[in-house]
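Q: no sequence for this one, just the structure:
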């Protein structure tokens, strides 16, 4: 059995450039009268695990959707790998190296685990449809090479037993893991994790936390984590941004956030102050 | 069972037919299909059986095409008849001789080119039509897309009827392209190595070869990057886009390839009878293809072939079942349908249409996976035999 390290299997994951991986500068997003994101700024660097917390409806997933291009914020700027991506199509942002998982699982239910992960490799498969139809040489070779990559991910996430199963038939916890695998298969430079531990029991949560720690150590990629399980956030995150009603409340080290009066009040539904999170204030 | 098979490489494991039983059964099936004309030709109505099978093989190519866009990529298209028409007329214009009027002017366009040119051209022109229409079509989804493609069929029917220099016009029609390659005529009886081979046998074998080639190409496509992208767009469009799949590109690709297959079907279909009538490309033709795909099995290449065989052979089967007086006898049981004059109350063509409708409804309710789903269940039963699970 091969014991390929994730980093060896995914040499194109991570970013070698200088400067922050992603910069979010004062973005505003509203739906009619509802201000979903109201002046949020932060930046994430390579190797950093950046967590966003806040009560339900605070705008965490909206920030993710702005980052990955599903929503277009009405104001502000987002730069990924130094390029503005505010008008870039979601599939293009994805192929630049931004991968994500979803709060409610968004796997392809009629495909096997293997095919879901192979779909994650989509942008790395450089053959055309004619080559695919004839399937001699190039397409065959590229498929086999990328299958090796996917197998390394399957091994890393301990999905060997279900690789040929259709995802619709798998239990929730495993599906969450497959979704993480699919995001990893994209050789990400930035990984967005939307509540990876939601709905999981203690053991599954611990497994997930271990995978996230290993990804950070082996790939050294930047990650943004949205999570309600505060133990996960406090244990894993390097920096935490707390938001409420789309507005930033506090940004800092996990311990500082934990003891911040305004954050506690936001969670308890009490009035609290809003801070200006300019880029300089981050780290 | 497949997961007990031992593979030594991922290339081997992801082969088109990975397991030995699969390959053996497929080989048996293909050999049987090749040998079938030798037996059929000795039947009384053997010629019509051969023609029906050849027609079914050609229809299967079009059904595979429709399944690529509708079954795999999830975009409902009623436009198959239009693309079949585009293919048919491209082929006939390129592949049959021009017809001159008495005064020497060109009455029917024709270039009399060989099959190696008119066949791929028919596919490519249909694909091009697909690419041109795709950007308009894919601003819409679901029912709206179905309606746009439906409109396409009506526009096509109008053009085919009135462009008499190309189609000959209603009631007149024109000859289809000539089935000849490298000087060999497939549409004439001939002798090979001392054996007499009839026109029908040759057409049967030729169409079988085309079907096998087109089916393998399609099967390869759907197990590749592109096939996964189609399924991803079908299942979860937004998630697919967030995984790096360009939805416009892949929907257009699926539409173009689907149209290419329809074009090939159009080019070949009418060479069997040798004649094209411009009213052939109606909504009913599109519905027949939808029926093939739904009854055969959505998102299955094998299912498309089963569905096409089923739909094309259906009239013949109806004739076998409802022979002569039997039709009266059956209809006599239904109040109001029994005939006084002795004429059959419904022709076999009418029964066929009713059955289309009934079968589509029945399959959607009872067996959404189609004939392919039934086949899978039978196969699994015998795999586990004598145990139930």
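A: Thanks, I have the structure now. Just so it is clear, the model here is predicted, and its values are computed rather than measured. Residues are numbered from 1 along each chain as shown, chains lettered A, B, ... in the order given.
Q: can you report how many residues neighbour residue 270?
A: I'll assume chain A. The local packing of residue A:270 (other CB atoms under 10 Å in any protein chain shown) involves 10 other residues. From N, CA and C alone the C-beta is placed, and that goes for glycine too.
Q: correction: the question concerned chain B.
A: Counted by other CB under 10 Å, the residues lying close to residue B:270 total 25.
Q: try residue B:261
A: The number of residues packed near residue B:261 is 31, by other CB under 10 Å.
Q: any figure for the gap between the residue nearest to residue B:68 when sequence neighbours are not counted and residue A:135?
A: In space, and not counting its chain neighbours, residue B:68 is closest to residue B:258: 4.7 Å by CB to CB, 6 or more residues apart in numbering or on different chains. Distance, residue B:258 to residue A:135, using CB to CB, to the nearest Å: 19 Å.
Q: and the two? Which one has more around it.
A: Neighbour count, other CB under 10 Å: between residue B:258 and residue A:135, residue B:258 has more, with 29 against 21.
Q: shouldn't that one be in contact with residue B:66?
A: Yes - counting by CB atoms under 8 Å, residue B:258 touches residue B:66, with 6.3 Å between them.
Q: shared neighbours, these two?
A: With contacts taken as CB atoms under 8 Å, 6 or more residues apart in numbering or on different chains, residue B:258 and residue B:66 have residue B:77 as neighbours in common.
Q: next helix or strand past the strand or helix carrying residue A:38?
A: If you go by DSSP states H and E, residue A:38 is part of strand A:34-44. Later in the chain than strand A:34-44, the nearest helix or strand by DSSP H and E is strand A:49-53.
Q: can you pull the buried residues of stretch A:81-91?
A: A:81, A:85, A:88, A:90, A:91 (16 or more other CB atoms under 10 Å in any protein chain shown).
Q: and chain B, which of its residues are near chain A?
A: For chain B, the contact set with chain A under CB under 8 Å from any CB of the partner chain comprises B:3, B:9-11, B:14, B:16, B:217-218, B:220-221, B:224-229, B:231-232, B:235-236, B:238-247, B:253, B:257, B:299.
Q: show me which of those residues are buried.
A: B:10, B:14, B:217-218, B:220-221, B:224-229, B:231-232, B:235-236, B:239-247, B:253, B:257, B:299.
Q: quick one: which of those residues sit in helices?
A: Under the assignment DSSP state H, these contribute B:10, B:217-218, B:220-221, B:225-229, B:231-232, B:235, B:239-242, B:247, B:253, B:257 to helices.
Q: relative to the whole chain's centre, how far out is stretch A:72-88?
A: 17 Å (CA atoms, centre = their mean, to the nearest Å).
Q: which residues does it contact?
A: Stretch A:72-88 has contacts (CB under 8 Å, 6+ apart) with A:15, A:17, A:19-30, A:37, A:39-41, A:66-67, A:69, A:93, A:96-98, A:189-190.
Q: so where do the strands sit in the chain?
A: With no chain named, the answer covers chain A. A:22-31, A:34-44, A:49-53, A:75-80, A:83-84, A:98-100, A:190-194, A:222-226, A:239-244, A:247-252 (DSSP state E).
Q: um, chain B though
A: B:97-100, B:106-111, B:174-175, B:180-181, B:184-185, B:190-192, B:195-197, B:275-276.
Q: helices of the stretch 201-350 of chain B, residue ranges please.
A: B:225-235, B:237-242, B:247-273, B:283-296, B:301-321, B:325-332, B:348-366 (DSSP state H, counting those that start in this stretch).
Q: quick one: average pLDDT of the third one?
A: It stands for helix B:247-273. For helix B:247-273, mean pLDDT rounds to 96.
Q: now find how far off-centre it is within its chain.
A: Using CA atoms, centre = their mean, the distance from the centre of helix B:247-273 to the centre of the chain it belongs to is 10 Å.
Q: show me what that helix packs onto, helices and strands only.
A: Packing partners of helix B:247-273 (3 or more CB pairs under 8 Å, 6 or more residues apart in numbering or on different chains; DSSP states H and E): helix B:46-66, helix B:80-95, helix B:115-137, helix B:199-222, helix B:225-235, helix B:237-242.
Q: that one vs helix B:115-137, what angle?
A: Using axes from the mean of the first three to the mean of the last three CA atoms, to 10 degrees, one finds that helix B:247-273 and helix B:115-137 are set 140 degrees apart in direction.
Q: now the first one
A: Interaxial angle of helix B:225-235 relative to helix B:115-137 (the same axes, to 10 degrees): 30 degrees.
Q: how far does helix B:225-235 sit from its chain's centre?
A: On the basis of CA atoms, centre = their mean, the separation between the geometric centre of helix B:225-235 and that of its chain is 22 Å.
Q: what of stretch B:98-117?
A: On the basis of CA atoms, centre = their mean, stretch B:98-117 sits 28 Å off its chain's mean C-alpha point.
Q: buried residues in that stretch, which are they?
A: Going by neighbour count (16+ other CB under 10 Å), the buried part of stretch B:98-117 is B:107, B:108, B:109, B:110, B:113, B:115.
Q: still on that earlier bit, so which elements touch the strand holding residue A:38?
A: Using 3+ CB pairs under 8 Å, 6+ apart, strand A:34-44 is in contact with strand A:22-31, helix A:60-67, strand A:75-80, strand A:222-226, strand A:239-244, strand A:247-252.
Q: pLDDT below threshold where in the chain?
A: Let's take chain A. Chain A contains residues with pLDDT under 70 at A:1-4, A:276-283.
Q: chain B is the one I meant
A: B:1-6, B:322-348, B:389.
Q: tell me the centre residue of it?
A: Residue closest to the average C-alpha location in chain B (CA atoms, centre = their mean): residue B:59, at 2.5 Å.
Q: who's in contact with residue B:371?
A: B:295, B:296, B:297, B:303, B:306, B:307, B:310.
Q: by neighbour count, which of those wins?
A: residue B:307 (33 neighbours).
Q: test my guess that that one contacts residue B:298.
A: No - applying CB under 8 Å as the test, residue B:307 and residue B:298 come out as separate, 9.6 Å apart.
Q: which neighbours do these two have in common?
A: residue B:370.
Q: just give the number of residues close to the closest residue in space to residue A:222 that isn't next to it in sequence.
A: Closest residue to residue A:222 in three dimensions, ignoring its sequence neighbours and counting by CB to CB, 6+ apart: residue A:21, at 4.2 Å. Using other CB under 10 Å, residue A:21 has 26 other residues around it.
Q: what's residue A:21 sitting at in phi/psi?
A: phi -70, psi -50 (degrees, to the nearest 10).
Q: distance of it from residue B:380?
A: As judged by CB to CB, residue A:21 and residue B:380 stand 49 Å apart.
Q: skipping its backbone neighbours, what lies nearest the residue of the stretch 251-389 of chain B found nearest chain A in space?
A: In the stretch 251-389 of chain B, no residue comes nearer to chain A than residue B:253, which is 6.0 Å away by CB to the nearest CB. Spatially, and ignoring its direct neighbours in sequence, residue B:253 is nearest to residue A:129 (6.0 Å; CB to CB, 6+ apart).
Q: quick one: contacts for the one you found?
A: By CB under 8 Å, 6+ apart, residue A:129 lies in contact with B:221, B:224, B:226, B:253, B:257.
Q: from residue B:9, how far off is it?
A: Residue A:129 sits 24 Å away from residue B:9, going by CB to CB.
Q: and the closest residue to residue A:191 other than its chain neighbours, bridged to which residues?
A: Nearest non-adjacent residue to residue A:191, counting by CB to CB, 6+ apart: residue A:223, 4.6 Å away. Applying DSSP bridges to residue A:223 gives these bridge partners: residue A:49, residue A:191.
Q: residue A:223 is in contact with residue A:196, isn't it?
A: No - between residue A:223 and residue A:196 there is no contact under CB under 8 Å: 10.0 Å.
Q: return the residues of the stretch 1-150 of chain A in contact with chain B.
A: Going by CB under 8 Å from any CB, the residues of the stretch 1-150 of chain A near chain B are A:68-70, A:89-92, A:94-95, A:99-100, A:102, A:106-111, A:115, A:118-120, A:122-123, A:125, A:127, A:129, A:132-135, A:139-140, A:143-144, A:147-148.
Q: and the contacts of stretch A:72-88, which are buried?
A: A:15, A:20-29, A:37, A:39-41, A:66-67, A:69, A:93, A:96-98, A:189-190.
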